[in-house]
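Chemist: Please find the sequence and the predicted model below.
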Protein chains: 2
Amino acid sequence: MKLITRDTDYAIRALCFIARRQKGLTSVSELVSVLGIPRPFLRKLLQTLNKKRLVKSYKGKGGGFRMARLPRKIIIADLMRIFQGPLKISEHVFKNSPCPERKVCKFKQKLDVIERYVVGELKRINLESIL
Amino acid sequence: MKLITRDTDYAIRALCFIARRQKGLTSVSELVSVLGIPRPFLRKLLQTLNKKRLVKSYKGKGGGFRMARLPRKIIIADLMRIFQGPLKISEHVFKNSPCPERKVCKFKQKLDVIERYVVGELKRINLESIL
DNA sequence: ATATAATGATACCATATTAGTATCATTTGT
DNA sequence: ACAAATGATACTAATATGGTATCATTATAT
Ligand code: FES
Ligand code: FES
């Protein structure tokens, strides 16, 4: 029952580090030495963060990454969607097709309530609030 | 981000069916034909439910399963623990050892709040309430 | 120009978890 | 004795997660 996968977790730590540096770039090498995250994995994460425009990358010697927006505009729920897909916790399933009873299922209804709360909270957590 | 695995899901459906039958036993064959769950898988689930004393099994011809306690005493959180292990959603991890910063980490603190809510709610859902 | 140090793109591999099967033993009613 | 049920247990398949490897591209410094 893991809400946060390692992708997301690592990405958050990397972003925290980058965000704290007000000016200038942060290279993968630096992040690796500080955070201890496996280099190729971290590189992959940063590349997707770049594609998704959460950071801006600069190639070439002296290059690296900087934030592409204010930390308070970086929402944990968005990071989770990027690395983990849609924020859904309550899909009853019937051999890979959605359960036919889902419209009336009381259990699903209760899970939906939980889901709404969880997703709501995750949308409220931004990078600034955990710096 | 799946809260409920298929084990648990199937188990709940099976229990619902068994619980609705006030008197007498329910066999795996019957459950299979009604619920469409793969037979050996369902058998495995019911065997663990029996070991955990949520149902009582009867062997031999004409045998099957019945509830071992009132539906309202069957708690979803317990089922999840049985099939999915401890109810934890917020473990920051650092290459398989727990993260050293977890005591002061603001993100973890926020996840803890979410976790307490979720687990609290899951403990409140019982079989009766979803019949 | 060229060497170097950085990221981009992509494909691949390893491990763990989840989902499902198979087989044989045991019990019980007829 | 036989048939119909569960018990125990080991195995296999599929998927998701975590991590590597490789080569291409870009920018800087000399
Ligand atoms: S949605 Fe199918 S039984 Fe709940
Ligand atoms: S508990 Fe380690 S960074 Fe949050």
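Modeler: The structure has been received and is ready for your questions. Ligands and ions are numbered 1, 2, ... in the order given.
Chemist: Quickly check: stretch A:114-131 near ligand 2 or not.
Modeler: No. Judged by Cβ under 6 Å from any ligand atom, stretch A:114-131 stays clear of ligand 2, getting no closer than 8.2 Å. C-beta coordinates here come from the backbone N, C-alpha and C atoms, glycine included.
Chemist: Need the contact partners of that stretch.
Modeler: By Cβ atoms under 8 Å, 6 or more residues apart in numbering or on different chains, the residues outside stretch A:114-131 that reach it are A:3, A:12, A:15-16, A:19-20, A:70-77, A:80, A:87-90, B:3, B:105-107, B:110, B:113-114, B:117-118, B:121-122.
Chemist: Now the buried members of those residues.
Modeler: A:3, A:12, A:15-16, A:19, A:71, A:74-77, A:80, A:87, A:89-90, B:3, B:105, B:107, B:110, B:114, B:118, B:121-122 (16 or more other Cβ atoms under 10 Å in any protein chain shown).
Chemist: and residue A:80, what does it touch?
Modeler: A:3, A:4, A:8, A:87, A:122, B:1.
Chemist: I'd say the third one and residue A:83 touch.
Modeler: Yes. When contacts are counted by Cβ atoms under 8 Å, residue A:8 is listed as touching residue A:83 (4.6 Å).
Chemist: Out of the buried ones among the contacts of stretch A:114-131, which sit inside helices?
Modeler: A:12, A:15-16, A:19, A:76-77, A:80, B:107, B:110, B:114, B:118, B:121-122 (DSSP state H).
Chemist: got the residues of chain A near ligand 2?
Modeler: Counting by Cβ under 6 Å from any ligand atom, chain A sits next to ligand 2 at residue A:13.
Chemist: Could you tell me which residues of chain A lie near ligand 1?
Modeler: So chain A meets ligand 1 at A:92, A:99, A:101, A:102, A:105, A:107, A:108 (Cβ under 6 Å from any ligand atom).
Chemist: Among those residues, the buried ones, what's the PyMOL command?
Modeler: This is how PyMOL selects the buried members of these, with burial counted by 16+ other Cβ under 10 Å:
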select buried, chain A and resi 92+102+105+107+108
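Chemist: Give me the subset of the residues of chain A next to ligand 1 that also touch chain B.
Modeler: Restricting these to those near chain B by Cβ under 8 Å from any Cβ of the partner chain leaves A:92, A:105, A:107.
Chemist: how near is the second one to residue A:98?
Modeler: If I follow you right, that is residue A:105. 11 Å (Cβ to Cβ, to the nearest Å).
Chemist: which residues do those two both contact?
Modeler: residue A:92.
Chemist: sorry, back to before: determine which two of the ones in helices among the buried ones among the contacts of stretch A:114-131 are furthest apart.
Modeler: A:19 and B:122 (34.1 Å; Cβ to Cβ).
Chemist: Could you report the distance from the closest residue to ligand 2 within chain A to ligand 1?
Modeler: For chain A and ligand 2, the shortest gap (Cβ to the nearest ligand atom) falls at residue A:13, measuring 5.6 Å. Distance from residue A:13 to ligand 1, counting by Cβ to the nearest ligand atom, to the nearest Å: 37 Å.
Chemist: Same question for residue A:10.
Modeler: Taking Cβ to the nearest ligand atom, one finds residue A:10 at 34 Å from ligand 1.
Chemist: which intervals of chain A have sub-threshold pLDDT?
Modeler: A:93-97 (pLDDT under 70).
Chemist: Pick out the residue nearest the middle of it.
Modeler: residue A:79 (2.2 Å; Cα atoms, centre = their mean).
Chemist: what's the distance between it and residue B:98?
Modeler: Distance from residue A:79 to residue B:98, by Cβ to Cβ: 21 Å.
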